[in-house]
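>>> Task: produce atomic coordinates for the following.
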Amino acid sequence: MTNLPTPPAPAAGRTLKLRLLLALYGTANIAGCALALLGPALLFAGVIGPGWLLITAGLYGVGALLGSAFGRAPELERRIEASLTVEQTLEQLDTLVMRVRPQLTAEMNSHLASVRSSVAEVLPRLVGGRHFDNDLYTVRETVLRYLPETLANYVALPPVFRSTHALKEGKTARQLLAEQLALLDDKLREIVANVAGADAQALLANGQFLEMKFRQPDFLAP
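Sure thing, here's the model as predicted:
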């Protein structure tokens, strides 16, 4: 039975440059900058005169507050407890899928829905405290821990940052998540087939592959 390493806290080890980038791409800053543009516009229109810099700063502050209030990422559970029943686990997974749906592309949501269907097929062998199938331990950890953690880390990133800032291998967080969900979808389809065929060796290989690919759920980790 292979233990997946515990991932570090998402904010651990972030450089000052990365923190500044996250703030720069953040909804608060973008909304603040957008509203602050009214200051120079009103100045050139002759509506305001001396003190326009203070007015512009005030507009930025109002925009930043509005951006923070309305652009807040949804809070997602970072782990589904393995001790839950099959019905409870599916309910939590469905809640996760529903809450993350607006943050994902249509393709991502399609893969996530397929992942949910595959999980339902093998769920009785993935949960249940000490009675789950040891051959599927890593698969269980991937579904119940890796997937929620990865989705939570993704939605915590500013939307503009996700889609424009290059991270690992020159890919954005959106591209990386799309690839991971597609890969997880494919692997879980294989696992469903291997469970049906009672192919223990194939299940072990599936688990080792998932451990190798999905051990790091933090998009910002080196």
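>>> only C-alpha atoms for contact and neighbour calcs from this point on.
Noted.
>>> State the distance from the nearest residue to residue 122 once chain neighbours are set aside to residue 108.
Nearest residue to residue 122, sequence neighbours excluded (Cα to Cα, 6 or more residues apart in numbering): residue 192, at 6.4 Å. Residue 192 sits 20 Å away from residue 108, going by Cα to Cα, to the nearest Å.
>>> State the distance from the residue nearest to residue 122 to residue 212.
19 Å.
>>> how far away is residue 179 from residue 185?
Applying Cα to Cα to residue 179 and residue 185 gives a distance of 10 Å.
>>> likewise residue 19?
32 Å.
>>> So between those two, which is more surrounded?
Higher neighbour count among residue 19 and residue 185: residue 185, with 22 against 11, using other Cα atoms under 10 Å.
>>> May I ask you to confirm that that one is in contact with residue 114?
Yes. If you go by Cα atoms under 8 Å, residue 185 and residue 114 touch, sitting 6.3 Å apart.
>>> how deep is residue 178 tucked in, by neighbour count?
19.
>>> Can you give the contact residues for the helix ranked longest in the chain?
In the chain, assigned by DSSP state H, the helix with the most residues is helix 173-196. With contacts defined as Cα atoms under 8 Å, 6 or more residues apart in numbering, helix 173-196 is touched by 107-108, 111-112, 114-115, 118-119, 121-122, 154, 161-163, 165-167, 200, 202-203, 206, 210, 219.
>>> just the buried members of these?
Neighbour-count burial (16 or more other Cα atoms under 10 Å) applied to the contacts of helix 173-196 gives 108, 111-112, 114-115, 118-119, 121-122, 154, 161-162, 167, 202-203, 206, 210, 219.
>>> which stretches of this protein have low pLDDT?
1-13, 126-136, 196-209, 213-217, 222 (pLDDT under 70).
>>> which other helices and strands contact the strand or helix carrying residue 163?
For residue 163, the element it lies in under DSSP states H and E is helix 159-164. For helix 159-164, the elements it packs on are helix 16-25, helix 173-196, judged by 3 or more Cα pairs under 8 Å, 6 or more residues apart in numbering; DSSP states H and E.
>>> Let's see that with 7 Å instead.
Judged by 3 or more Cα pairs under 7 Å, 6 or more residues apart in numbering; DSSP states H and E, helix 159-164 is in contact with helix 173-196.
>>> Buried residues of the helix it packs on, list them for me.
173-178, 180-182, 184-185, 187-195.
>>> That helix: how far from the chain's middle?
15 Å (Cα atoms, centre = their mean, to the nearest Å).
>>> now stretch 166-173
That offset, for stretch 166-173, works out to 15 Å (Cα atoms, centre = their mean).
>>> distance between the ends of that stretch?
7 Å.
>>> now stretch 66-77
Terminal-residue distance, stretch 66-77 (Cα to Cα): 25 Å.
>>> Identify each buried residue in it, please.
66, 67, 68, 71, 73, 76.
>>> and if you look at stretch 51-65?
For stretch 51-65, by 16+ other Cα under 10 Å, it's 55, 56, 57, 58, 59, 60, 61, 62, 63, 64, 65.
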